[in-house]
Every structure is written in C-alpha cells, then in structure tokens.
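Colleague: here is the input, now give the coordinates:
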Amino acid sequence: MQGTRQFLELVRDQQLVSGHLSGVFHIAIGRRISTPAGDLLAAGVTWRELAALLKELKFDRELVRELGADPDQLSPKDREKFWYYAVAMAKVDGPEASGQADELAARLAPLGLVVGPHPGGLTAPPTGSEPADPSAPLSQTGRRKKK
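Modeller: Numbers count the residues shown, from 1 in each chain. Down below sits the predicted model:
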C-alpha cells in the first residue's frame with residue numbers, strides 16, 4: 001500500500017487530481033504502478049483501503065464535486081465513509097475513468113511513475129457508441145456517418 005500512498009501524494013502535490021478524480025481512483029484500485037526500472041510499487045488496493053488512504057492524506061473534499069456530489073451531503077463526520085462513497089460514485093470501471101487514467105498515466109511518466117494498462121487490456125472507447133466506418137462520407141460536422 002506504500003506505493004499507492006506514493007502515487008496519491010504525487011498526484012496531489014503536483015495538482016494532477018482536479019479533472020482526473022475518477023482516473024486517480026481507477027489507477028489506485030486496478031492498475032499496476034511501477035518505477036521506470038520496472039520495480040513494482042503497487043498492484044491495486046480495495047475501495048476501503050483507498051478510502052482510508054484518502055482520509056489519512058487529507059485529500060480535498062471539494063474534489064467530489066466533479067463526480068456530481070455535494071461534499072456536505074456525503075457523510076461529513078466520517079471521512080473514511082465519505083471517501084468510500086466518493087469512490088462508489090466515480091464508476092471506476094467505466095470508460096470515462098479509464099480514459100482519465102490513461103491521460104493521467106502519460107502525465108505521470110515524466111515524474112517517475114509508470115502506470116500499467118487497463119487491467120482487462122481494454123482502452124477507453126471513442127466517445128460514440130459505435131465506431132464510424134472510415135469509408136463513409138463526412139457529415140457537415142466533419143464526422144463520419146454511421147451505417
């Protein structure tokens with residue numbers, strides 16, 4: 001869990017959390033974090049362990065607003081429960097969290113942390129639900145029309 005703590009401290013101190021909260025949770029829970037030399041730092045934690053670390057590291061409660069939550073409505077007296085609810089709301093297994101994690105991973109590499117790929121080998125899907133046919137003509141918006 002020390003590697004996860006190191007990751008969380010780094011993203012907090014480098015101000016990389018804002019706009020990437022779901023991605024931070026996604027990485028902490030389900031991705032491998034290592035050094036550039038290949039030494040494993042973390043292989044994922046449970047939601048409960050992540051909530052405990054976020055409480056211990058005193059993460060800013062206002063960050064949950066990007067998940068659509070009001071921090072005053074989420075268990076204000078029990079900080080660990082507060083963060084547990086935030087992790088649940090983040091939909092860490094969804095495509096948005098995975099996309100944020102991929103974006104964040106690229107920003108962490110120059111800082112000395114290597115974040116592994118999505119645990120299922122998946123990448124974030126494109127914003128449309130179906131891939132566009134590359135041979136289809138472009139619409140007026142510049143996007144390819146679906147068949």
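
Colleague: contacting residues around the longest helix along the chain?
Modeller: Longest helix of the chain, by residue count under DSSP state H: helix 95-108. With C-beta atoms under 8 Å, 6 or more residues apart in numbering as the test, helix 95-108 has contacts from 7, 10-11, 16, 19-27, 31, 90-91, 114-115, 118, 122-125. Every C-beta, even on glycine, is put in place using the N, C-alpha and C of the backbone.

Colleague: which of those residues count as buried?
Modeller: 7, 11, 16, 20-27, 31, 90, 114-115, 118, 124 (16 or more other C-beta atoms under 10 Å).

Colleague: now intersect the residues you listed with the strands, please.
Modeller: Mapping the buried ones among the contacts of helix 95-108 onto strands (DSSP state E) picks out Val114, Val115.

Colleague: shaky segments in this protein?
Modeller: For the chain, applying pLDDT under 70 flags the ranges 121-147.

Colleague: middle-most residue in it, spatially?
Modeller: The centre of the chain sits closest to Gly23, judged by C-alpha atoms, centre = their mean, with a distance of 1.0 Å.

Colleague: and stretch 29-42, how far from the chain's centre?
Modeller: The chain centre lies 15 Å from the centre of stretch 29-42; the measure is C-alpha atoms, centre = their mean, to the nearest Å.

Colleague: typed the wrong thing, it's stretch 7-15
Modeller: On C-alpha atoms, centre = their mean, the centre of stretch 7-15 falls 13 Å from that of its chain.

Colleague: outside of it, which residues touch it?
Modeller: So stretch 7-15 is contacted by 16-17, 20, 24, 27-28, 33, 41-42, 53-54, 57, 59, 104, 108, 111, 113 (C-beta under 8 Å, 6+ apart).
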